[in-house]
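I need the structure of the sequence given here:
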Amino acid sequence: MEQQLYDYSPITDRPPLHWPGGARVAFYVGLNIEHYLLDRPATSTFPDTAAFVPDPLNYGWRDYGPRVGIWRLIESLDRHGIRASALLNSDAGERYPQIVAAGRSREWAWLAHGRNNSTFQTGMTREAEREYLTGVVDSIERTTGVRPRGWMGPALTETLHTPELLAELGLTYVLDWTNDDQPYPLRVPGMLSVPYTVELNDISLFLGKGYTGPEFVRAVKDQLDQLRADSAAEAGGSGRVMALALHPFVIGQPFRHRYLDEALEYIAGHPDVWLTTSDEIAGHYAGAAARTDPASSPVTAAT
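Numbering: from 1, shown residues only. Below you'll find the model as predicted:
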């Protein structure tokens, strides 16, 4: 089966993309705020006990995030003036009101991230998925006071109908397709893809590749340096997006905290980096497209 969701578009053939203030890179933190069910293995980190009910090893490991790790992470975000793009399971929004309150006071962006990280809509019928997504979006609007504009599926999962159904609900972008350094329009009217990352991701780096803290910092610095260089190399400059994907049960461990702080300090120390959210990236891109060609604008600019 050939994908029909988006067109091929080499980054070297596009009109220049300009970020506010002449920034070369738009940077955001994708902060995963997740809830897991006790009786499903889902995205278990340690496979040997995944079939056990209960599974204290995997459940407890991940539950460290909302209980402890996220509060350590928030300290670093605050220190460097970074607002999170919160990838929120609707179950997490209902069960962890203190986290929602912390995010609301900091004006985080709220993205729908499924009901929980143990439930995927893969295999759902169109109508079942519509009902599921409606429940997720409505719950997040109720708990955060903001209707989400963006979506990232649990484990970046979608069906063939997900973007279209999300557009029906008023969402304007997805993070699931990690194939670009810039936003781009999907073939679904009103929908964008905004860059996310499975590479510069604490689960992939620390748990998948066994990175140490200093190696993590080096990867973050190298990513930023290359994206800044890419932007500068093009005639007239063309902005890039840098996402940093974080999970509080991973990066929020005490022995990793100093390395996140070091990485964020490096990013925030560059005046040509726009510290922003995925909502603002999508909104700015949509507004630029509307100014260039109102008839072809993929979405309405966020306000």
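
Measure how far the longest helix seen in the chain is from the centre of its chain, please.
For the chain, the longest helix by residue count, based on DSSP state H, is helix 213-233. Distance of helix 213-233 from the chain centroid (C-alpha atoms, centre = their mean, to the nearest Å) equals 19 Å.

Now the element after it, going C-ward?
strand 240-246 (DSSP states H and E).

Who are the packing partners of that following strand?
Counting contacts by 3 or more C-beta pairs under 8 Å, 6 or more residues apart in numbering; DSSP states H and E, strand 240-246 is packed against strand 25-33, helix 213-233, helix 254-268. (Each C-beta comes from the backbone N, C-alpha and C, glycine too.)

Please repeat the previous calculation with a cut-off of 7 Å.
Packing partners of strand 240-246 (3 or more C-beta pairs under 7 Å, 6 or more residues apart in numbering; DSSP states H and E): strand 25-33, helix 213-233.

quick one on the thing from earlier: next, the angle from the longest helix of the chain to helix 254-268.
If you take axes from the mean of the first three to the mean of the last three C-alpha atoms, to 10 degrees, helix 213-233 sits at 20 degrees to helix 254-268.

Point out where the protein drops to low pLDDT.
42-44, 235-236, 290-303 (pLDDT under 70).

and the closest residue to residue 272 other than its chain neighbours, how many neighbours?
Closest residue to residue 272 apart from its sequence neighbours, by C-beta to C-beta, 6 or more residues apart in numbering: residue 24 at 4.5 Å. When counting by other C-beta atoms under 10 Å, one arrives at 23 neighbours for residue 24.

again, but for residue 272
15.

Show me where the chain has its strands.
For the chain, the strands defined by DSSP state E cover 25-33, 84-88, 109-112, 150-151, 173-174, 184-185, 192-193, 240-246, 273-275.

Out of the helices and strands packed on strand 240-246, which is closest to residue 122?
Closest to residue 122 of these, according to C-beta to C-beta: strand 25-33, at 18.9 Å.

and that closest one, which residues are buried?
Using 16 or more other C-beta atoms under 10 Å as the test for burial, strand 25-33 gives 25-33.

Distance to residue 287 for the residues you listed - can I get that in CSV?
Converted to CSV, the buried residues of strand 25-33 look like this (distance: C-beta to C-beta, whole Å):
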residue, distance to residue 287
25, 18
26, 13
27, 19
28, 17
29, 22
30, 22
31, 25
32, 28
33, 28
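
picking up where we left off before, could I get the strands of the chain as JSON lines with distance to residue 288?
Below are these laid out as JSON lines (distance: least, C-beta to C-beta, whole Å):
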{"stretch": "strand 25-33", "distance to residue 288": "12"}
{"stretch": "strand 84-88", "distance to residue 288": "19"}
{"stretch": "strand 109-112", "distance to residue 288": "19"}
{"stretch": "strand 150-151", "distance to residue 288": "18"}
{"stretch": "strand 173-174", "distance to residue 288": "14"}
{"stretch": "strand 184-185", "distance to residue 288": "12"}
{"stretch": "strand 192-193", "distance to residue 288": "12"}
{"stretch": "strand 240-246", "distance to residue 288": "13"}
{"stretch": "strand 273-275", "distance to residue 288": "13"}
